[in-house]
Every structure is written in structure tokens, then in C-alpha cells.
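**Q** Sequence first, then the predicted structure:
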Amino acid sequence: MEYFGFCKGISQMNMPDTIYSDMYEGYYAKFYDSLVKNDDFDIDFYQELSEEYGKEVLELACGSGRVLIPLLKRGLQIHGVDLSTHMIDILKAKCKKKNLTPEIYFGDMCTFKCNKKFDMVILSHISISLLESHQQRVQLFNNVYKFLLKEGGIFVFNFVDYSKKMHSSGELKPNYYFNPSKKAYTILFEKVDLELQKVFVNLYSEEVDSTGGIKRFVGSSCKNIITKESIDEILTDIGFTVVKEKNISTQEGLIKFYVLKK
Ligand SMILES: C[S@@+](CC[C@H](N)C(=O)[O-])C[C@H]1O[C@@H](n2cnc3c(N)ncnc32)[C@H](O)[C@@H]1O
């Protein structure tokens with residue numbers, strides 16, 4: 001956990017009723033789920049690809065099902081894997097409510113193996129930037145190519161070239177999220193470190209509980225700065241062919257999609 005600025009100050013105060021977690025655990029797993037619930041900028045694109053390449057799909061880092069659930073509803077046979085049991089629990093609860101029964105696995109996208117191979121493997125919402133090193137990204141691409149894709153299958157992933165977006169180190173302007181019905185709010189802080197090629201993320205939330213008391217939550221995550229050049233270098237070494245590139249404009253900025261064929 002790396003705390004800076006405001007959250008560092010809070011963490012040093014040992015405040016009562018304060019819970020610390022990763023961004024995809026505990027309170028922040030639920031926060032992430034509600035934050036992205038209306039984000040559907042990429043769903044049609046995955047569906048179009050499945051019409052061309054096949055319906056047997058695996059989503060790596062599937063989280064709480066932002067992509068997986070709508071694609072299941074559209075008739076794709078989609079399985080999911082994630083490294084957070086909290087995100088998986090939210091996903092499973094949502095599926096149960098909707099009478100959907102996908103196979104969901106706990107695992108690391110870099111090493112996950114399955115007893116079957118897929119027409120399409122998806123890695124969405126810039127999740128590749130959660131991998132800490134170039135070596136881990138190489139491991140991911142190798143794993144998808146060798147163990148998860150059928151011959152002729154595709155790997156679709158996306159990333160933001162933060163090196164084009166962030167030109168100096170330092171803290172960015174915070175973002176605020178208010179949830180009046182729950183009497184809760186969250187502040188999201190980001191700190192760019194160009195030397196380490198990382199963007200540190202901190203979150204601070206307060207929520208009024210049923211007794212009128214205040215609960216505090218502090219969260220953290222880290223996005224790794226990936227350039228197009230570093231991705232291209234990996235692709236040519238592994239043997240993937242780039243069959244499509246697409247840019248989609250979102251709140252995070254311009255997201256670049258790659259479609260790679262085995
Ligand atoms: C940005 S969320 C994306 C969730 C979902 N795909 C979406 O589009 O909303 C990132 C997810 O990646 C998961 N994750 C992080 N590192 C992982 C890894 N090495 N292997 C599998 N999942 C991972 C986190 O637990 C989290 O659920």
C-alpha cells in the first residue's frame with residue numbers, strides 16, 4: 001500500500017473506525033461496482049468480434065461483471081477469472097439474482113490455466129496496467145497464446161498510453177463521488193511518478209452507518225505506465241498478428257484496443 005498526501009496524513013493519525021484495503025477489496029470492491037455500472041462503451045465491440053470469431057469466451061480480470069454479465073445476456077458462453085474474491089462474490093451474487101450460471105474462477109491472469117481453450121480472450125478496462133512489470137506482461141501474453149486460445153482465436157485488450165497523457169510527476173486534481181442515498185462520499189487521488197513509470201491511486205471515503213456513526217475507508221491501487229512501443233515489442237516476439245486496432249474515447253481518456261490473432 002502506498003499512501004501519499006491526504007491519505008498518508010489520515011493513515012498516520014490512527015483514526016477510529018477506519019478500514020484500509022486494496023481498491024478491489026472490501027468497501028472499494030462495491031464502490032468500483034457502482035462506479036462502472038453504466039460503462040458499456042466496449043460491449044458492442046466484443047459482441048461484433050464474437051460474431052466473427054466465435055462464442056466461447058474467457059474474460060481475464062472479470063471483476064464484478066461489467067462486461068461478463070451483458071455478454072452472457074447476449075448469448076455468449078463466457079467464463080471469468082479474477083484475483084479478488086470480493087469482486088468474484090459481487091459478480092456471483094449479481095448472476096444469482098439474474099439466474100445466470102457462468103463458470104467463475106479465482107486466479108491470476110498471468111498463470112491461469114483451464115481445461116478448455118477459447119475463441120476469444122478479453123482483458124478490459126485497462127486492467128493490463130495493474131501488472132507491475134514488463135516481465136509480467138510478457139508472461140500474460142505467453143499464457144494467453146499458449147494455454148487459453150484456440151488456433152485462430154483472438155485476444156482483445158485495451159490500454160491508455162499514459163506517457164502521452166501525463167507529462168510531469170506530481171499529484172493530479174482529485175475526483176469526488178457523492179452517494180446521497182447512502183450518505184457517503186469518496187475522494188479519489190492520483191499521483192504520477194514518471195521515474196517509476198507508475199500512477200499511484202488513493203481513495204478516501206466516509207459513510208454514515210445505521211447508528212448515525214461515521215465509518216472511514218482508505219484504499220489504494222497502482223496503475224503502471226505502458227507505452228504502445230513496449231506492447232508492440234512483446235507482440236512480435238510471441239507470434240500474435242494484430243488484426244484490428246480501435247480507439248474509443250472514455251472518461252479515462254482515449255483507450256486503445258488491440259485485437260490479436262493466434
Ligand atoms: C479495472 S477492474 C476491471 C473489472 C472488469 N473487467 C471491468 O471491466 O469492469 C480490474 C480487475 O482486475 C483484477 N485483477 C488485478 N490483478 C489481477 C491479476 N493478476 N489476475 C486476475 N485479475 C486481476 C482486480 O481484482 C479487478 O477485479
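**A** Perfect, I can see it now. Numbering: from 1, shown residues only.
**Q** which residue packs closest to residue 109, ignoring adjacent ones?
**A** residue 60 (4.0 Å; C-beta to C-beta, 6 or more residues apart in numbering). C-beta: built from backbone N, CA, C; applies to glycine.
**Q** Can you tell me the SS state at residue 206?
**A** strand (DSSP: H, G, I helix; E, B strand; the rest coil).
**Q** Can you tell me how far it is from residue 15?
**A** Using C-beta to C-beta, to the nearest Å, residue 206 is found at 10 Å from residue 15.
**Q** what does residue 109 give?
**A** 35 Å.
**Q** the more surrounded of these two?
**A** The residue with more neighbours, out of residue 109 and residue 15, is residue 109; 25 against 11, by other C-beta atoms under 10 Å.
**Q** Phi and psi next, for that one.
**A** phi -60, psi -20 (degrees, to the nearest 10).
**Q** Could I get the contacting residues of it?
**A** Taking C-beta atoms under 8 Å, 6 or more residues apart in numbering, we find residue 109 in contact with 60, 61, 81, 83, 123, 127, 131, 140, 143.
**Q** If we only consider those, which is nearest to residue 52?
**A** Closest to residue 52 out of these is residue 123 (18.5 Å), distances taken as C-beta to C-beta.
**Q** on that earlier part again, could you dump the contacts of residue 109 into TSV with distance to the ligand and neighbour count added?
**A** Shown next, in TSV, are the contacts of residue 109 (distance: C-beta to the nearest ligand atom, whole Å; neighbours: other C-beta atoms under 10 Å):
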residue	distance to the ligand	neighbour count
60	6	25
61	3	25
81	6	21
83	4	18
123	8	24
127	4	21
131	6	20
140	8	22
143	10	19
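**Q** Out of those, list just those in strands.
**A** 60, 81, 123 (DSSP state E).
**Q** now those residues in TSV, with pLDDT and distance to residue 116?
**A** Converted to TSV, the ones in strands among the contacts of residue 109 look like this (pLDDT from 0 to 100; distance: C-beta to C-beta, whole Å):
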residue	pLDDT	distance to residue 116
60	98	15
81	98	13
123	98	18
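**Q** and for residue 206 and residue 15, which residues touch both?
**A** Residues touching both residue 206 and residue 15 (C-beta under 8 Å, 6+ apart): residue 216.
**Q** interface residues of this structure facing the ligand?
**A** Within the chain, the positions lying close to the ligand (C-beta under 6 Å from any ligand atom) are 24, 36, 61-63, 66-67, 82-84, 87, 108-110, 124-125, 127, 130.
**Q** The stretch 51-200 of the chain: strands as residue ranges?
**A** Here the stretch 51-200 of the chain has its strands, by DSSP state E, counting those that start in this stretch, at 56-60, 77-82, 104-106, 118-123, 149-159, 170-171, 175-179, 184-193, 198-208.
**Q** looking at those strands, which has the lowest confidence?
**A** Note on the strands of the stretch 51-200 of the chain: lowest mean pLDDT is at strand 170-171, with a mean of 91.
**Q** Listing partners with orientation, what would you give for that strand?
**A** The strands that strand 170-171 pairs with in its sheet are strand 184-193 (antiparallel) (by DSSP bridges).
**Q** OK, now which residue of the stretch 151-262 of the chain is nearest to the ligand?
**A** The minimum distance from the stretch 151-262 of the chain to the ligand, using C-beta to the nearest ligand atom, falls at residue 221 (8.7 Å).
**Q** Go ahead and confirm that residue touches residue 22.
**A** Yes - here residue 221 reaches residue 22: they are 6.5 Å apart, a contact under C-beta atoms under 8 Å.
**Q** Okay, and the beta partners of residue 258?
**A** Bridge pairing for residue 258 - DSSP bridges - gives residue 157, residue 245.
**Q** Enumerate every residue touching it.
**A** 156, 157, 158, 231, 235, 242, 244, 245.
**Q** Just name the closest of these to residue 8, please.
**A** For the contacts of residue 258, the nearest to residue 8 is residue 158 (31.2 Å; C-beta to C-beta).
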